[in-house]
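>>> pasting a predicted model and its sequence here:
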Amino acid sequence: MAAVTHIPTLTLAAARAAVEAAEAKARAIGVPMNIAVVDSATHLLHFSRMDGAKVTSISIALDKAFTASGHRVPTSTYKEAVWPGGVGFGIWNSNGGRFMVIGGGLPVKNENGEVLGAIGCSTGTPAQDEEVARAGVEAVEKLLKAESGKIRAKL
C-alpha cells in the first residue's frame, strides 16, 4: 500500500498558455472575458480580467473553473439537471455556493483522461464563455502533444 500519490496537474506555464489563447479568442469574438485557470486540486493558477470584462463575472469565472476541475466535467453538463424537479436541483448551493451550472467551465485532461485542472470564462453568453474556454483547453492540449512527442523522441 502506497503512502504517497502523485497527481498530475497543470503548471503555471500551461495556465499562461491557456489564458493567452482564451484572450485571443475573446478578442476575435469581440467579448472581453474574465479567465480563470485552476489546477487539479481546484486551486487558482492564473487569472486574467480583460479590459471591459464584467466585474461581477470575476467570481463566476473562478467558480466555473473550480466546478469543472472538481467535478471533472464541463459546467454545461448540468444545464438540464438543475431545473426544479431535475436530479441536480439545488446543487448550486453545494461547496459554499461555488458550484456553477452555467456553461463556460471546461476541465483540461491529459491523454489518459486524468483531469489536470480547468479553465473558467465569464462575461459573454454561456456559449461564448465556453467557446473562449475551449480555446484555452486546446492550447494546453497542443502543449501536451508537443511534450509527449519530445518524450517519445528521447526513448
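Alright, I've got the coordinates. Numbering: from 1, shown residues only.
>>> could you pick out the longest strand of this structure?
If each strand of the chain is counted by residues according to DSSP state E, the longest one is strand 115-122.
>>> please pull up the helix or strand immediately following it.
Past strand 115-122, further along toward the C-terminus, the next helix or strand under DSSP states H and E is helix 126-154.
>>> between that following helix and strand 115-122, how big is the angle?
Between helix 126-154 and strand 115-122, the angle formed by their directions is 150 degrees, by axes from the mean of the first three to the mean of the last three CA atoms, to 10 degrees.
>>> buried ones in helix 126-154?
Within helix 126-154, the residues scored as buried using 16 or more other CB atoms under 10 Å are 126, 128-140, 143-144. All C-beta atoms are positioned from the backbone trio N, CA, C, and that covers glycine.
>>> which SS class is residue 87?
Three-state assignment for residue 87 (DSSP: H, G, I helix; E, B strand; the rest coil): coil.
>>> cool, and residue 111?
On the three-state scheme (three-state DSSP), residue 111 is labelled coil.
>>> gap between it and residue 34?
29 Å (CB to CB, to the nearest Å).
>>> OK, contacts around the residue lying closest to residue 21 once chain neighbours are set aside?
The shortest distance from residue 21 to any residue other than its chain neighbours is 3.5 Å, reached at residue 139 (CB to CB, 6 or more residues apart in numbering). Taking CB atoms under 8 Å, 6 or more residues apart in numbering, we find residue 139 in contact with 17-18, 20-22.
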